[in-house]
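Student: Show me how the following folds:
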Amino acid sequence: MRRLTAIFALVVAAATLALAIAVAINQFPRGLALLGCVLIASASAWYGLRRRGIARVIGVIVAGIALVGAVALIVVGGARFVDLLIVAGLLVSLAAASAAFTIHVDLPSATAPRQPVLFFNPRSGGGKAERFQLANEARERGIEPIELKPGDDLEVLVRGAVERGADGLAMAGGDGSQAIVAKVAAERGLPYACVPAGTRNHFALDLGVDRDDVVGALDAFVDGGERRVDLAEVNGRVFVNNVALGLYAEAVQRAGYRDAKIRTVLDTVPDVMGPGGSDIDMRWTGPGGHEHHAGAVVLVSNNQYRLGHAVGSGTRPRIDDGLLGIIVVGAPSGRGQNGSSQRPLRAWSAPTFEVDADQPVPAGIDGEALVLDAPLHFRIRPGVLWVHIARKHPGASPSAIAPEGMWASIVELAHIAFGHQQKPASSISERPE
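Tutor: Numbering: from 1, shown residues only. Here you go, the predicted structure:
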């Protein structure tokens, strides 16, 4: 289906461009202006569709202005069928191209657990568990629901369920809770399912779980596929996404962060990046073997994040390459131990990483504020978690095949059309007998 969609997108785009060029020549100069508007609208719309945040807003706005200009030229010059055909061709080709890059991976079949358990936090995600009646939906699928109540220790609940015979563990809650359940599942070699009932559900997104289908995620333990992924840890504590030190970590520690996140982060900037910087002098060794100091942000992640503004930026193309992702952001004037200047942004990957300091270090672990004793020892735990994912869900991260830039998108569309599409960036392993 992807191949047919890619072929359709390329054919419609080529026909639209050829028709627009013909109109530009035959109806000069009006036709040339119309061609310009179509090209600008195409490039801007594709730029916006394949990006996030302010970049997406700008792209869509520019595309809208260009499209309005094209429509105005058609109306002023007297609407012609061929002009309307050009605009329609532009919209159809963009929609088809976007659909061709929608990922879905056919994961190996997984044996459904006989006594699966769902742990759910009724307060997560603004009460998603109650809103979607997850407890009832779980029972209908033969999954025992266990509610996490105030004062409960989630890890104690999970280990207790395993002792009673649970052979599949699912969690509906934030990523911090997901890490606890995933940790126990990995230790016991049990299948795990991530139910996106938290606020942002970053781990679910990178696993390939549809974050908009909370109830459907339960089908992972009914007739799901299976993939093996990594976990990471710092000083023995497991995390599924990342650990942030510096600017973000200090912001998370502050009162009022939950109610005004952006404002709190901005208020933290002068304390970390201003004169004197942070009181915590973090020390770390870069990939070249030299020791460096501080950094406004040190982010250590369970596999590497995709940087930039394209679709999938801020996500991980894979969670099974057996390496930590390490990003350090700091002032370019900083100096390493060898006297060389530090780049403002460094990004690399490694199986282990260490950060030292003369005092405890504030940290944001999967969004939770903690203080860790130095030194901080990070390590990856390759392929320790068997994840079940519902068949109808993507099964891979949105950045697993998303290309960078318009030209790269055209090239990848051609590859898909000719049956040579890029495979998702994930190694799918079958569970040994």
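Student: C-alpha from now on. contacts and neighbour counts both.
Tutor: Noted.
Student: quick one: low-confidence parts of the stretch 1-150 of the chain?
Tutor: Using pLDDT under 70 as the threshold, the predicted model of the stretch 1-150 of the chain has low-confidence ranges 46-56, 77-80, 83, 101-102.
Student: where do the helices sit along it?
Tutor: With DSSP state H, counting those that start in this stretch applied, the stretch 1-150 of the chain shows helices at 2-26, 30-49, 53-76, 81-100, 128-131, 134-140, listed in chain order.
Student: go on, the stretch 201-350 of the chain?
Tutor: Under the criterion DSSP H, counting those that start in this stretch, the stretch 201-350 of the chain contains helices at 202-207, 220-223, 247-253, 261-273.
Student: Any idea how many residues pack against residue 358?
Tutor: Here the count is done by other CA atoms under 10 Å, and residue 358 has 12 residues near it.
Student: Secondary structure element for it, which one?
Tutor: Taking DSSP states H and E as the definition, residue 358 sits outside all helices and strands.
Student: That one and residue 193, how far apart?
Tutor: Spatial separation of residue 358 from residue 193 under the definition CA to CA, to the nearest Å is 39 Å.
Student: got it, and residue 7?
Tutor: Going from residue 7 to residue 193 by CA to CA gives 36 Å.
Student: Kindly report the same for residue 228.
Tutor: Shown here: residue 228 relative to residue 193, a distance of 12 Å by CA to CA.
Student: and residue 81, how many neighbours?
Tutor: Around residue 81 there are 9 other residues, counting by other CA under 10 Å.
Student: Same check on residue 377?
Tutor: Neighbour count for residue 377, taken as other CA under 10 Å: 15.
Student: Tell me which residues touch the closest residue to it other than its chain neighbours, please.
Tutor: Beyond its immediate neighbours in the sequence, the residue positioned closest to residue 377 (CA to CA, 6 or more residues apart in numbering) is residue 354, lying 4.8 Å away. If you count contacts by CA atoms under 8 Å, 6 or more residues apart in numbering, residue 354 has them with 284-285, 375-378.
Student: picking up where we left off before, among the helices of the stretch 201-350 of the chain, which gets the worst mean confidence?
Tutor: Per-segment mean pLDDT for those reaches its minimum on helix 261-273, at a mean of 44.
Student: and the residue nearest the centre of the chain, what is it in contact with?
Tutor: To find the centre residue of the chain, average its C-alpha atoms and take the closest one (CA atoms, centre = their mean): that gives residue 315, at 2.7 Å. With contacts defined as CA under 8 Å, 6+ apart, residue 315 is in contact with 202, 205-206, 305-306, 397-399.
Student: Just the CA coordinates for the longest strand seen in the chain, please, in PDB.
Tutor: With DSSP state E setting the assignment, residue counts place strand 376-389 as the longest strand in the chain. Output for strand 376-389, consisting of C-alpha atoms alone and laid out as PDB, is shown next (Å, rounded to 0.1, in the frame of the first residue of the first chain):
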ATOM      1  CA  LEU A 376      26.700   9.700  38.400                       C
ATOM      2  CA  HIS A 377      27.300   6.400  36.600                       C
ATOM      3  CA  PHE A 378      25.200   5.900  33.500                       C
ATOM      4  CA  ARG A 379      25.000   2.600  31.500                       C
ATOM      5  CA  ILE A 380      22.900   1.000  28.800                       C
ATOM      6  CA  ARG A 381      21.200  -2.400  29.300                       C
ATOM      7  CA  PRO A 382      20.900  -3.700  25.700                       C
ATOM      8  CA  GLY A 383      17.800  -5.700  24.700                       C
ATOM      9  CA  VAL A 384      16.600  -6.500  28.200                       C
ATOM     10  CA  LEU A 385      12.900  -5.700  27.700                       C
ATOM     11  CA  TRP A 386      10.400  -7.600  25.700                       C
ATOM     12  CA  VAL A 387       7.700  -5.200  24.600                       C
ATOM     13  CA  HIS A 388       4.200  -6.300  23.300                       C
ATOM     14  CA  ILE A 389       2.600  -3.800  21.000                       C
END
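Student: so what does it touch, helix or strand wise?
Tutor: Contacts defined by 3 or more CA pairs under 8 Å, 6 or more residues apart in numbering; DSSP states H and E place strand 376-389 against helix 175-188, strand 192-195, helix 220-223, strand 225-234, strand 352-356.
Student: still on that earlier bit, between residue 228 and residue 193, point out the one with more neighbours.
Tutor: Neighbour count, other CA under 10 Å: between residue 228 and residue 193, residue 193 has more, with 32 against 21.
Student: my read: that one touches residue 385, true?
Tutor: No - distance between residue 193 and residue 385: 10.1 Å, which falls outside the contact criterion (CA atoms under 8 Å).
Student: and residue 33, how far is that from residue 39?
Tutor: From residue 33 across to residue 39, the span is 10 Å (CA to CA).
Student: what sits in contact with each of the two?
Tutor: By the contact definition CA under 8 Å, 6+ apart, residue 33 and residue 39 are jointly contacted by no residue.
Student: Quick check: pLDDT value at residue 195.
Tutor: Residue-level confidence at residue 195 comes out at 98, pLDDT.
Student: so it touches residue 221, yeah?
Tutor: No - using CA under 8 Å, residue 195 is not in contact with residue 221, being 10.9 Å away.
Student: For residue 173, which non-adjacent residue is closest in space?
Tutor: Using CA to CA, 6+ apart and skipping the chain neighbours, the partner closest in space to residue 173 is residue 198 (4.5 Å).
Student: Quickly note the distance from the one you found to residue 175.
Tutor: When CA to CA is the yardstick, residue 198 and residue 175 sit 7 Å from each other.
Student: Next: residue 234.
Tutor: Taking CA to CA as the criterion, residue 234 is separated from residue 175 by 16 Å.
Student: which of these two has more neighbours?
Tutor: residue 175 (27 against 21).
Student: show me the contacts for the more buried one.
Tutor: With the criterion set at CA under 8 Å, 6+ apart, residue 175 makes contact with 198, 201-203, 240-241, 366-367.
Student: Out of the residues you listed, which comes closest to residue 96?
Tutor: Taking CA to CA as the measure, residue 96 lies nearest residue 202 of the contacts of residue 175, at 26.9 Å.
Student: Isn't the closest one up against residue 241?
Tutor: Yes - contact status for residue 202 versus residue 241: in contact at 7.4 Å, counting by CA under 8 Å.
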